[in-house]
Every structure is written in structure tokens, then in C-alpha cells.
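K.L.:
model this:
(chains A, B and C)
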Amino acid sequence: MTVTNVDNLDRTSALVKHDVGGRTPAPIRFLKRIPVLIVIGVLLVIEIYPLFWMFINSLKSNTDFLNNPSWALPEVWEWGNYVSAWLTGNLATTITNSLIATVPSLALIVILGVAGGFALEVMVFKGRGGILLLILAGIMIPVQMILLPLFTIFFNLNITGSLLPLIIIYTGHGLPLTIFMMATYFRAIPREVFEAATIDGSSMLRSFWYIGFPMVRNAVITVGLVQFFLIWNDLLIAITFASNRSLNTIQAGLLNFSGEYGATDYGPLFAAICITTGGILILYLFLNQQIMKGLTAGSVKG
Amino acid sequence: MKQVLGDRKTIAILLGPALLVYTLVILVPVVWSFGYTFFKGNALEGFEFNGINNFTRLFTDPDVQAALGFTVKYALLLTILQVVFGYGLALLYTFVLKKSSAIIRTLVFFPVVVPTVAIALLYQKLFQSAPKDGLVNELLVNVGLGSVDWLGSGTTAFIVIVIMDVWRSMGFYGVLLYTGLLDIPEDIIESARIDGARGFSLFKNIVLPMSLPILYSSIIFSINGTIKVFDSVFALTGGGPGNETTPLTLYMYRTAFAFSDYGYGSTIALVLSIMCLIVTALIFRGARRDNTI
Amino acid sequence: MTTAPRSRRLRRPVVAALAAVGIGTMILSGCAAGGSSSEPTKLTYLKNTENTNTEPVFNELAENQCKTENTALPLEVSSIPQADLDSQIQLLASQNALPVMFAAAGTPAEGAKLDKAGKLLNFETELEKLGVLDDIEPAAISTIKNLYGGNFNFLPFQFNIEGIFYNKTMFAERGLEEPQTYDELVDVASQFEADGITPFTASGEQGWPITRLISSYLFRDLGPDALQKVADGDAKLTDPEYVAAAQAIADLGAAGYFDDNIASLDIDSSYNELLTGKAAMMYMGTWFLESANDPEKNTVGVDNIGFMPFPAVEGGAGSIDQYPANVGLPQTFGADTYTPKVADWLKCITENYGQVSLEQSGAISGFKSKEPVTDLPALTVDVQDRIAGSTESVLWFEALFNAKAGQDSSKNASLLVTGQLSPEDFMKLLQTDLDAG
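P.N.:
So this is what the prediction gives:
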């Protein structure tokens, strides 16, 4: 294997090992940290407060929510909101559907997108710039505008009664951005790395899989994350192509809490949001651990 | 060497599937849809040929001008803020917090996870002014300023939209740019340090130039997201009051479906796409390795 | 190298990759495909998510009164948010794939378009054939005809009239009577304002609760055909007598008779203002009865909320007993999927809907109730009597507008009452939309 070639290019190990402030005495170092700590404190309050806000409001009755300040604690802790959230929001079904729609799309986007980005940035062929520009154009297309043609196509393919249209659209829609971003990441890697590998007799396909892919692992995770949330939070495509209740995704299910003349069931709505985002947050924390392990391990598995 | 890097079979295997899916799902419908720009009508009542009337209408439609104005204003401001804040966070993660940044990165990232509907509701309540003041107005009143009907006028509603979107996206850009900063080879920074580069000069001479590629793609990513802004505005203000916070996408969606003029809607979309393309091509040209396009 | 072998080389991996992608996704998504033949095998019903009244009634009908029909053609409900309903209906109609029964027409103009395209069933003919036309309130039929292009082409699963809900105690404490004229109404408002009570609560975020006041004023002042004339092109919203109505409502805003910061007040909060005794009056449709009859929401007491018509304008051509009426976001049957089995369902629905709806939630529909339902709250009974006694109904402000004018109207209403948009400019904006067609 060509691990030695790659080793010095692996930037995944912790970036700065030594501490600049190491030579200064401890109290001064602490004082120096104060502005940083304040910045971080403010940042966390700003970013975390809503989590808390949503949680306390998920436990209020509608009357409580409307009559008292929204940052106050509930008058009565309405745990029942979670039950009605689960039932009204049809969460068992919608969570399943969201997963069925998201996971395959994500897998396809990442595999096809990374391969495409590699081909466009590392490989040399005529028309490369043109294709890249064409793909770039795809990022700009507002999806609202291709609803009618897509609907016609999927209807005639007779697949509108399944989640297949969602998977196909998410994949197609996520690809241009992924290809483009992956191309940007591959740009940072000198072509010589791959050329050197092929001298050993390794084909470009092998180089892609064993050298290219591992080298952009960080980027793949980032791009996967981007796409995951774009897909997960999509509402427009989901309600247009999966309006059947048994196909509703989480975002569509959240709309079950609104009334015809504009009224909203706030408590259960926030409860449903807490359940669904809570799940995602735990998943993210877990994955983040894995990702961190991968990053600090600092070795290329091949 | 060129032969290996130019191997057609490899290219076809790597690029073919992506290109095929992309063509079928995006390009074909787009071309199809742009065919409608010469027609008036909708799927229900049928289409009739309209020549270039949609295009002439476009230039005299005050709503398009207003929506375009909003979109440009929003996209410019938000792109700058998103990338600047995101880059600031990324620098903080990489050079100040270092290894201990994981938990903070996750927490700052959190808003990305929350559905738009929920975020919009939260901001409606935070900036609420009726029937009673929300948190922000409460603070304003306490420091002796009056309460403001934030979502009641175009200017203030715009401010709320920008604050909301920066808040929800900066953690994301932080992570995006952080990955880019991680990719700067350590030995380069090390040797710059040995040469005496510290603090700002290290940043200016080494870190900034090295992170330009990821900055470019962040800007492109951001500008395309912001020009196509839809969800957050739709959920927070619905484009109101009046049409003061209506972006082109929302106007287009309403024209096509609510106002049943799919042809004119497609025309607006075409303009939007061309706009994005020009901006991106400009940025892209500057960033490309071997200026082939 | 020639092009031919190159393309052959390209093809194979592409096909293989495509097959892999296809199979992978098929497995994961469970490729269930719905047939699109014209003979329906289910009573498919697409409703707006926000409407939560019809589904429980249908479920009960399917289990009891219409059990036979449901066995022959099982009910299957799906729902979509109101905001996307029009686009979904358009897409489905373009493929001739409309459900058997569906909600449609966020704006009446859209409903009329569907009818013109021949997509809707004509209930007048069909219910006559089934011998159940008499089970529908004539007032509801005339409202539907007025709204949706002249035919009885939607069903009145809801039937609402609109007027002013008010706090009885607050009126009694000040010795106030229900105002009979607009001037009296303004006078009443000024007394509440002097006492520090919000005279009118209205959701500026929704907008329509404000424009309803403009149309009410217009109907009282210029007569029930005031907006029909605008629709027919015989009058313009920019005519001085029309601008006067917008001016009257803008004046209420200028005098401070609406909530503070009305522009961002949402509808729940607006209901809450009246139901918790912070506001004295609210213009609203009778769907509000559900909230008013809910003791948890209504802390001023169920018996403490009264309902009165919008008062007359002195010297005006309209009369105080003409209530604005509507059938909510209406539901209808598709013309292409109307088979004998569907007809059986339609007959059963027509015969039983009114009764079940009233028993279940006290919701008033345009279907007659076979036997009187007792135990209804006094306010509901009062509204029922008013509906039964009304001879002529009027529409609402945006009813005959095109979608764009309708949108601009509700979006700009709060700007009108907060003085950010003059009455002249408000009406000019809408007239421009109407002229554009």
C-alpha cells in the first residue's frame, strides 16, 4: 500500500500541538483567557437558550402559553403534551418515513457525489470545465420550478404512491452541490499523489477508493451533514410528492398542529419538535464522537 | 501520466452515474420548465402561447423589482455575515479551543437541526410585541427604549429575518470552515512560526491564503442558499407585511401555483437561476486551479 | 479514436450503475405504486391538514350510518397543508388524477376555474337524482353559487356566518346596548378605549380579520352587491365611496381602537384577548364557537360571549340582517371518478352529515340535521337561529378577487390600520391587481 505517500499529507491529526501561552505564568494566562471565556459563554447562551425555551414551552397548556410570558416556567407541567404529540403528529409513521427517505438518498449522494467530484477535479478530459459549469448551474435551480415536470414524470412512472420520488429528487437535487464541494476539496490535494500511486500499478479506480476517498473523509462527513439536514428539513418536496398520510415525513407531520383558521396547538407542537430534534441531536452527538475518534486517530485505513 | 488521469473508462464509471441522475432529475425538468416561459396559463386550464410577453412583463412588474431588491439585499448581507461569523467560529475552534472544541461545536451547530417551523415560532415569540412584549422588547423597555412592532414593518422584519438566519446558520458555517482549516498542513504553520510569524501576521500570511479555497466554496454555497431563500421567510413573515419581505422564490411560487400562472412563474425562475449562475461563475473563475472556464 | 467505441464503453458501467441505484432504492422504499384507472377502488379523500372537523365525522359515518357504502368503497383520508393545497390540486388535475373527494379552492376564483375545467360534480343535478337535495340548507346552496362561479359545485361541510363577538359583562357594566349603527359602534369603542380596554381585537398577522371590516362596511353602505359590481367592472375600488370604507377602518386604527402592535398579533392571541377579557369585541366567523364553547380557553365564561351582526351604516343601502356567509375551505367530488358506488356514498353523506357533525362537536354545517340536537350551548343555538332566519347573505372582502388581489389584501391590511399605507393606496393596489386579471 502507499500509505507512506499519504502520511505526511494527513492533516487530520490535531493541528497545533504546542501551546503559545506555555511560557507565560499561569495567572496571566488565565486573565488572557477571560475574553475568550466570555465570548464562548455568550455564544452558548445564544445558541442553547432556544433548546431550553422549546422544552419548557412543550410542557405548557395553550392557555398558559398565550397568557404568560413565553420564558416563564409552566404553571402546570403538561407531560400529556408528549402523548398527544406522538399521536397527533403521527410520529411513529413520520419518523420511519423520514428515515426511509433520507438514508438511501444520503448514501447515493455521498457515493455518486464523491466519485463525480473526484472525476471532475483529478481526472483530465475534454469538456471537464463545461460539465462542472453545468453542474454548478444545477445548484442554482430553485426546486419550486421543477415541481410540475417532476410530478408529471413520476406520475407516469406510476411511483407517486411511494417514497421513491422523494429519494430520487433528494438525490438529484443534492448531487450538484456535493460534486461541487467535493471537487473543491480534491483541488487541495496535488495530482502527483494519485500519479505516484498509479506508478505502483494501481488503477485510478483503486487510487480513488483507497487514497482519494480516505483523504477527503472529513469533507465527506461535512458534506454528508449538510445534505442530511437539507433533506431532513425539507418540506416542499415532501408534501408535494408524499401527501398521502402513510407517506408523510416529520416536517409534514408537524403541520398537523395547525387549525384551518390559523389556530395552533403550541404545547404538543413543541413536544413533537422536542422529540424529533432530540433524537437527531443524540444521533449527532454520537456520530460526532465517532467522527472525532476518526480525526484524532490520524491514520489512513486502507 | 496523462493517460492514467485521462482513462475514459474510469471517468465514465466515476462520473457517469452522478451525471445521469443529475441529468434526468434536474436538467431535463429544468429545460422542460423553461419551455413554459413562452406560455401563459397553468396545468389546470391549459397553456397558450404567449411569445415573449412574460419577459416584457418581467421588466415592468413592480413586484418583481421589489422582490429582486429584497433578495439581493438579503443575499449580500447574509452571505457576508454567515461567512464572517462562521470563519470567526472556525478560527476559534482551531486555534483557541483546539481539541476541546467538540462539545461547543456541537452546541453551536444545534440550530441547524431544529425545523424551520420551530425556529420561526421561536423568533416570532422572542420579537413579539402583541398582545404583550416578547423577550427582546422587554429588554428594550428595561433599558429605556420603547417597544418595537418588529414584524409589523418591512425594515424591522428584515432585521429579524437576518438575525434569525445568521443565528441558525453560523454554527454550520463554523463546522464547514473548520474542516477546511484542519486541512492546512501543520508543517507550514510550524515553519511560519519558526520564521517569527505570530498572531495576526500568521493569520494574514498563512492561514487566510491557505483557507481561501474553502472560503470560496463557502461563499458560493452561502450565496446560492441565500438567493434561493424560501423556508425561513415563508415561516417567519409569510413575505409580509405587504410584500415587503417577499423574496423572488416566494413570489415565483405564488405566481406559479397560487396565482395560477406557471409560465410567468417559470420566467421569474429563469431570471433567478441566471442571476445565481453569473455570481457563481464570477467567484468560481477566480478560484479555479487552471482557469479552464 | 472514433466516437462509436467510446460511447459503447461508456454505456455499460452507466447501465450497471443505474440498475444498482434503481434496485437499491426500490428495496428501501418498498415500491408501492398506486393505480390510476378511472374506476376508483377507494373513496379517496384529500383534505387540508388544518381542517380537523370533517375527518371524525366521516370516520363515524364509515363505521355506522354508511357502513355498507364503506364496505363497497372504503374511505381513505390523506391531507396536505392549506398553503400547498392549490398547487397539489393543480398537479393532480393535470394528470387527471384528482381524488374522489377533495378540498380545493383556497380562493373562490380557483374553485370557479376547477369548475370551468369540468373537474367538479354538479351537486344540484346529482343530489336531485338521488332525491336528497332537500337535505341541504338553501342558504348554503346560494352562498356556494355566489362564490364558486354560479354552480352548486362544492359541499357545505361547514356553514359559517360572520359578525361581532363581544363580552356581555363589559357591555352591561357600562349600560351599553348592541350598537345598531356604525356610529354607535364607534361610540361604544371610544368608551372602552377611555377605560383602557382594547375595543377591537383583530389578527393583523392574518390580515383578513381586518379586511372583513372593510367589506362589512361596504355592504352596509353600498348594498349587498357592492363587491359584485367591482368584480363585474361596474365599479372600482378606487371610487370615492369604496375608499371611504377603507378610510373608516383606517380611522379605527388611527383612533387606537385596535390592539397595540396589531400587525404581528396572531389569531390565537387575538381569540385569547376576547376570551380572557382583555378586549371587548372581535369580528369573527362562527367557527369561533368551538373556542368560545371551550371553558379552558374561555375564562370569561361561555354565557358571557354574545354575537351581533355588523351594524348598519346610516343612510346606507344594505341592511343589518345580511350576514356574510361562507362554507370554510370547501370540499367537493371529482366529476371523473363519480361512479354508482361513489353516488351511494354521496347520498349517505348528504343524509347524515348534518346530524353527526352537530352531535359530535356542535359544528354547524350546511346539511340539515334530521332530529333536533339538544344540549347545545346558548350561543350556538343563537347562531343557528340567525342562520335559519337570514334571508340574504353577503360575501367577504376578497371572495371575488383573483388570488393575487386576495393575497395583497390580507398582507397589507395591517399596514392600513397602522397608518403605513393610506386608504387610497391600499385600494389602488388591489384595483391594480384586479385589472391585471
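
K.L.:
now C:Glu178, what's its secondary structure?
P.N.:
coil (DSSP: H, G, I helix; E, B strand; the rest coil).

K.L.:
correct me, but it touches C:Phe307?
P.N.:
No: using CB atoms under 8 Å, C:Glu178 is not in contact with C:Phe307; the gap is 9.6 Å. C-betas here are computed from N, CA, C, even on glycine.

K.L.:
Looking at those two, which is more packed in?
P.N.:
C:Phe307 (21 against 16; other CB atoms under 10 Å in any protein chain shown).

K.L.:
ok, the more buried one to C:Phe159 distance?
P.N.:
Using CB to CB, to the nearest Å, one obtains 15 Å as the distance from C:Phe307 to C:Phe159.

K.L.:
and the residue lying closest to A:Val114 once chain neighbours are set aside, what element?
P.N.:
Leaving aside its sequence neighbours, A:Val114 sits nearest to A:Met182 (CB to CB, 6 or more residues apart in numbering or on different chains; 5.1 Å). According to DSSP states H and E, A:Met182 maps onto helix A:164-187.

K.L.:
helices or strands up against that helix?
P.N.:
When contacts are defined as 3 or more CB pairs under 8 Å, 6 or more residues apart in numbering or on different chains; DSSP states H and E, helix A:164-187 packs onto helix A:91-121, helix A:128-140, helix A:147-156, helix A:217-232, helix A:236-241, helix B:8-22, helix B:212-227, helix C:3-29.

K.L.:
wait, what's in contact with the residue nearest to C:Val132 when sequence neighbours are not counted?
P.N.:
In this structure, C:Val132 finds its nearest non-sequential neighbour in C:Thr350, 4.4 Å apart by CB to CB, 6+ apart. Going by CB atoms under 8 Å, 6 or more residues apart in numbering or on different chains, C:Thr350 touches C:Leu127, C:Leu130, C:Val132, C:Asp135, C:Ile136, C:Phe367.

K.L.:
from these, which is closest to C:Glu424?
P.N.:
C:Ile136 (42.4 Å; CB to CB).

K.L.:
Got the phi and psi for that closest one?
P.N.:
phi -110, psi 140 (degrees, to the nearest 10).

K.L.:
For it, list each beta-bridge partner.
P.N.:
Under DSSP bridges, the beta-bridge partners of C:Ile136 are C:Phe367.

K.L.:
quick one, what contacts it?
P.N.:
C:Ile136 touches C:Leu127, C:Pro156, C:Thr350, C:Gly366, C:Phe367, C:Lys368, counting by CB under 8 Å, 6+ apart.

K.L.:
now swap in B:Trp32 and tell me
P.N.:
So B:Trp32 contacts A:Ile146, A:Pro149 (CB under 8 Å, 6+ apart).

K.L.:
for it, helix, strand, or coil?
P.N.:
helix.

K.L.:
Return the distance of it relative to chain C.
P.N.:
Noted for B:Trp32: a distance of 13 Å to chain C, by CB to the nearest CB, to the nearest Å.

K.L.:
Please read off the pLDDT at that residue from the model.
P.N.:
On pLDDT, B:Trp32 comes in at 87.

K.L.:
per-domain residue ranges of chain C.
P.N.:
C:43-159+C:327-369, C:164-325+C:397-436 (automatic domain parsing).

K.L.:
could these be laid out in JSON lines, adding mean pLDDT?
P.N.:
Below are the domains of chain C laid out as JSON lines (pLDDT from 0 to 100):
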{"stretch": "domain C:43-159+C:327-369", "mean pLDDT": "88"}
{"stretch": "domain C:164-325+C:397-436", "mean pLDDT": "92"}
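
K.L.:
Dump these to JSON lines, plus distance to B:Leu176.
P.N.:
Shown next, in JSON lines, are the domains of chain C (distance: least, CB to CB, whole Å):
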{"stretch": "domain C:43-159+C:327-369", "distance to B:Leu176": "31"}
{"stretch": "domain C:164-325+C:397-436", "distance to B:Leu176": "33"}
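
K.L.:
which one is A:Leu254 nearest to, not counting chain neighbours?
P.N.:
Per CB to CB, 6+ apart, closest to A:Leu254 is B:Val117, 5.5 Å.

K.L.:
Doesn't the one you found belong to a helix?
P.N.:
Yes: with three-state DSSP as the criterion, B:Val117 is part of a helix.

K.L.:
Now that it has come up, it's in contact with A:Gly253, right?
P.N.:
No: counting by CB under 8 Å, B:Val117 does not reach A:Gly253; the two are 10.8 Å apart.

K.L.:
Show me which of the two is the more surrounded one.
P.N.:
A:Gly253 (24 against 21).

K.L.:
From C:Glu55, how far out is that one?
P.N.:
For A:Gly253 relative to C:Glu55 (CB to CB), the value is 15 Å.

K.L.:
and what of A:Ile56?
P.N.:
Taken as CB to CB, the span from A:Ile56 to C:Glu55 is 31 Å.

K.L.:
and what of B:Leu212?
P.N.:
57 Å.

K.L.:
hey, where'd the strands end up in chain B?
P.N.:
Shown for chain B, the strands assigned by DSSP state E span residues B:39-42, B:46-49.
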